[in-house]
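*Asks:* Attaching a predicted model along with its sequence, questions to come.
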Amino acid sequence: MIVKRVTLSSVEDINEFVKLSSNQLFTVTLRAGKCLIDAKSMMGVLSLDTSETFELCLDTDNADAFLESIKHFIV
């Protein structure tokens, strides 16, 4: 499992992040406090407060290409 902190500050950021997450074969989730959201779900991610940072959890040990594609979201 890989864990990173990310920030999504606009609807455009969310749209791009969900699109990139949806292309992954492994599970991608965002944790906001007690809430765990499927990062491949546009409705789920849109429900988050964009003023916060989130914990990104990747259920894989090999996500180098994905992490490179989202590096501008990683805090």
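*Replies:* That came through fine. Numbering: from 1, shown residues only.

*Asks:* would you list every one of the strands in the protein?
*Replies:* Ranges of strands in the chain, per DSSP state E, are 2-7, 28-32, 35-38, 53-58.

*Asks:* how about JSON lines for the ones you listed, with mean neighbour count, distance to Val18 and mean pLDDT added?
*Replies:* For every residue, glycine as well, the C-beta is placed using N, CA and C. Converted to JSON lines, these look like this (neighbours: other C-beta atoms under 10 Å; distance: least, C-beta to C-beta, whole Å; pLDDT from 0 to 100):
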{"stretch": "strand 2-7", "mean neighbour count": "14", "distance to Val18": "12", "mean pLDDT": "96"}
{"stretch": "strand 28-32", "mean neighbour count": "19", "distance to Val18": "9", "mean pLDDT": "96"}
{"stretch": "strand 35-38", "mean neighbour count": "14", "distance to Val18": "9", "mean pLDDT": "95"}
{"stretch": "strand 53-58", "mean neighbour count": "19", "distance to Val18": "12", "mean pLDDT": "96"}
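
*Asks:* Reformat these into JSON lines and put distance to Asn15 next to each item.
*Replies:* As requested, these are exported to JSON lines (distance: least, C-beta to C-beta, whole Å):
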{"stretch": "strand 2-7", "distance to Asn15": "14"}
{"stretch": "strand 28-32", "distance to Asn15": "14"}
{"stretch": "strand 35-38", "distance to Asn15": "15"}
{"stretch": "strand 53-58", "distance to Asn15": "16"}
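
*Asks:* Tell me how far His72 lies from Thr7.
*Replies:* Look at His72 and Thr7: by C-beta to C-beta, to the nearest Å, they are 10 Å apart.
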